[in-house]
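1. What follows is a predicted protein model with its sequence.
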Amino acid sequence: MRKIRHLFTLLTLCLMNAHASDDLPPGIAKSADGRTKVAASPYYQNPASAMKYLVAKEGKNLQRNRFCAVGYNMHKGYPMTWVLWEEERTLILWRGSSDADVRTGGLWMARRNLKLGRDTVATENDINGSTYITTVDWWISVADDCRKHGEQYEIEPFKIKPSKPDRQP
């Protein structure tokens, strides 16, 4: 009886795990077990501050900016976080950090920024071996997953405080 209960528990856990990842975007589902809560991770604390920094650095601070962040548990044991910047139609792969300053600047310094239309193509064949571009369908599936399951952020318009001029001796 004990073995049957153990087998039933194991089977239930496997089915729950399979169900948790079966609604992931197709390109993500191949390598992820499920989603994570981005703001709860020590590597992505205070996402709004990184988003506000990005907005300021890009000169978009005088308009409202909407973001979404969705995290995935990758099979290899690390988290992956995509941030959707709605107004810019851009998906940004955010590499988290335990260092607060690096974390805040991480979105602005991200090496993987996929702008819909610029970094997307119609079919897999159109990728032609590129390691950077992706299909429109993949981009839309991750963006939609973020909108549906991700954490939403809105950065209201703000003025950048002028920095104090350096004093000359």
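-> Now that the structure is in, tell me what you want to look at.
2. my guess is residue 55 is in a helix, correct?
-> Yes - residue state for residue 55 (DSSP: H, G, I helix; E, B strand; the rest coil) corresponds to a helix.
3. Pop out the phi and psi values for the residue nearest to residue 65 when sequence neighbours are not counted.
-> Leaving aside its sequence neighbours, residue 65 sits nearest to residue 155 (Cβ to Cβ, 6 or more residues apart in numbering; 4.5 Å). Heads up, the C-betas are built off the backbone N, CA and C, glycines and all. Main-chain dihedrals, residue 155, degrees, to the nearest 10: phi -100, psi 110.
4. can you check residue 128 too?
-> Dihedral angles for residue 128 - degrees, to the nearest 10 - are phi 50, psi 40.
5. can you tell me how far it sits from residue 134?
-> 12 Å (Cβ to Cβ, to the nearest Å).
6. So for those two, which sits in the more crowded spot?
-> residue 134 (19 against 8; other Cβ atoms under 10 Å).
7. So residue 156 sits against residue 62, correct?
-> No - counting by Cβ atoms under 8 Å, residue 62 is not a contact partner of residue 156; they are 10.4 Å apart.
8. buried set for stretch 136-154?
-> For stretch 136-154, burial by neighbour count (16 or more other Cβ atoms under 10 Å) applies to 137-139, 141-143, 145-146, 150-151, 153.
9. Tell me which stretches of the protein form helices.
-> 2-21, 26-29, 47-57, 100-105, 136-149 (DSSP state H).
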